[in-house]
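Trainee: Return atomic coordinates for the entry below.
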Amino acid sequence: MQPLDKKYKTKLEALAKEIQASDELAKYLDEEEEADFMLLKEVYEPQIGLLYEKVAADDPLQLVAFEKRLLEPDFEGLFLPKILGYSVLRGEINESCKYVRPQFHFKDILLAICNSANFDILKKRIGQTIQMGFALSSDIWITNLIAPFQNRRIRYYLQGQSLEKYRDPEKRAVGYQRYRRQFKNHNFMTADFPETPSELKILWSPLKNFLIYRIALKGNDKSLIPHLKKFIENADFQGTKEHLQIMGLYAGFFDLGKTDLAHVGKIFNETRAATPGFAESWLHFGLEMHENEQLDWDGKVDGQISGILDKSVKDELTEFYLLTDLVHAEGYAE
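Mentor: This next block holds a predicted model:
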């Protein structure tokens, strides 16, 4: 998670103060009618949403920090049901449609909702999301989340969201895909960049999926460049499958200037020279990416890789890119 830029912090603080000083909130606190809370939601959630979209578009690594600010009481629980859904869908799942790792941000948001003074209203918008999050989590994790609640009403509510039908892996997978489709037009993905070899093993797969998502999105990825440069420079990562694949996505699909191309080219060729089986691993990775429906590995990608490749090295990688250069320049012969 990256810290939130001052420009976003300032806007969130101003928005929180506006909410606290609003006539809509005053009326809701005075009369405690759900209709008044819904009016508060209609006025301020779109404003939160616009700022959220800006962060997601330009600084996606700051999304979790943005969401954590919304957990504070001065936002009155606004926008929390939506980011609860985002937190459920960010988690990496395995072949059994279960989370690979516990989703602590999902827990934090859920706890903030349950401890909110507006819980009785918010809970009407989060049932399906909790059901899906619990379906993907382990029984022990769910028990540990619910057990500390002293309020029996909240505890019974949460217990009721763990559905028996989702114990069946097939039904769980169907439910997950159905739930995910509700968010297909939402931009909420983020990731952490590993800094140590132990973190690399844990964070590599979600980082790879995040980069593929961003490439398919074709948005503004300037904020990711410094982190990608730091990643490929990490000597402890170089020579690993994980490094090769992240470097490959960066080198092939990101819009890089001459300086950044020269930088990635130097590391690419140094790693190639120092890593036994690099060419074979690269070609396997290229085949995997060609088959990925989210990506368009076209002549531009081949050209960018070919442009950084040291072709004085006589190996199958040089042979392959000499051939792709010829094909893209002259086309296929009939």
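
Trainee: Identify each buried residue in the helix or strand containing F268, please.
Mentor: Here F268 sits within helix 258-274, counting by DSSP states H and E. For helix 258-274, the neighbour count (16 or more other CB atoms under 10 Å) marks D260, L261, H263, V264, G265, I267, F268, N269, T271, R272 as buried. Where C-beta positions appear, they are placed from N, C-alpha and C, glycine not excepted.

Trainee: On the pLDDT front, check the first one for me.
Mentor: Per-residue pLDDT puts D260 at 96.

Trainee: okay but it is in contact with L224, surely?
Mentor: No: applying CB atoms under 8 Å as the test, D260 and L224 come out as separate, 11.6 Å apart.

Trainee: any shared contact partners between those two?
Mentor: By CB atoms under 8 Å, 6 or more residues apart in numbering, D260 and L224 have no common neighbours.

Trainee: quick one, longest helix in the protein?
Mentor: helix 34-58 (DSSP state H).

Trainee: so for that one, what's the average pLDDT?
Mentor: pLDDT averaged over helix 34-58 gives 98.

Trainee: Repeat that for stretch 210-222.
Mentor: The model assigns stretch 210-222 a mean pLDDT of 95.

Trainee: what's the spacing between it and its chain's center?
Mentor: 11 Å (CA atoms, centre = their mean, to the nearest Å).

Trainee: May I have it exported as CSV, CA atoms only?
Mentor: Extracted C-alpha coordinates of stretch 210-222, given in CSV (Å, rounded to 0.1, in the frame of the first residue of the first chain):
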residue,chain,number,x,y,z
PHE,A,210,-2.8,-6.3,-11.6
LEU,A,211,-0.4,-5.3,-14.3
ILE,A,212,-2.3,-7.3,-16.9
TYR,A,213,-5.5,-5.6,-15.7
ARG,A,214,-3.9,-2.2,-16.1
ILE,A,215,-2.5,-3.0,-19.5
ALA,A,216,-5.9,-4.1,-20.7
LEU,A,217,-7.4,-0.9,-19.2
LYS,A,218,-5.1,1.3,-21.4
GLY,A,219,-5.1,4.1,-18.9
ASN,A,220,-2.5,6.3,-17.2
ASP,A,221,0.2,4.2,-15.7
LYS,A,222,2.9,6.8,-15.1
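
Trainee: Return the set of buried residues in stretch 159-172.
Mentor: Q161, S162, Y166, R172.

Trainee: Can you show me the helices along the stretch 51-200 of the chain?
Mentor: Assigned by DSSP state H, counting those that start in this stretch, the stretch 51-200 of the chain shows helices spanning 63-70, 80-90, 104-114, 119-122, 127-136, 139-146, 152-159, 169-181, 197-217.

Trainee: would you list those in JSON lines and tack on distance to H328?
Mentor: Shown next, in JSON lines, are those (distance: least, CB to CB, whole Å):
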{"stretch": "helix 63-70", "distance to H328": "37"}
{"stretch": "helix 80-90", "distance to H328": "37"}
{"stretch": "helix 104-114", "distance to H328": "43"}
{"stretch": "helix 119-122", "distance to H328": "54"}
{"stretch": "helix 127-136", "distance to H328": "43"}
{"stretch": "helix 139-146", "distance to H328": "50"}
{"stretch": "helix 152-159", "distance to H328": "57"}
{"stretch": "helix 169-181", "distance to H328": "36"}
{"stretch": "helix 197-217", "distance to H328": "20"}
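
Trainee: quick one on the thing from earlier: want to try JSON lines for the buried residues of helix 258-274, with distance to I113 as columns?
Mentor: Output for the buried residues of helix 258-274, formatted as JSON lines (distance: CB to CB, whole Å):
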{"residue": "D260", "distance to I113": "42"}
{"residue": "L261", "distance to I113": "46"}
{"residue": "H263", "distance to I113": "44"}
{"residue": "V264", "distance to I113": "43"}
{"residue": "G265", "distance to I113": "48"}
{"residue": "I267", "distance to I113": "45"}
{"residue": "F268", "distance to I113": "46"}
{"residue": "N269", "distance to I113": "51"}
{"residue": "T271", "distance to I113": "46"}
{"residue": "R272", "distance to I113": "50"}
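
Trainee: And the furthest pair within these?
Mentor: D260 and R272 (18.2 Å; CB to CB).

Trainee: tell me the domain ranges of this structure?
Mentor: Domain ranges of the chain: 6-181, 197-330, per automatic domain parsing.

Trainee: Sketch out the low-pLDDT regions of the chain for me.
Mentor: Applying pLDDT under 70 to the chain picks out residues 331-334.

Trainee: run the last query once more with 90
Mentor: Low-confidence segments of the chain (pLDDT under 90): 1, 290, 296-300, 324-334.

Trainee: what about the nearest residue to N269 once chain neighbours are set aside, neighbour count?
Mentor: Nearest residue to N269, sequence neighbours excluded (CB to CB, 6 or more residues apart in numbering): D310, at 4.4 Å. D310 is flanked by 14 other residues according to other CB atoms under 10 Å.

Trainee: again with L110
Mentor: 23.
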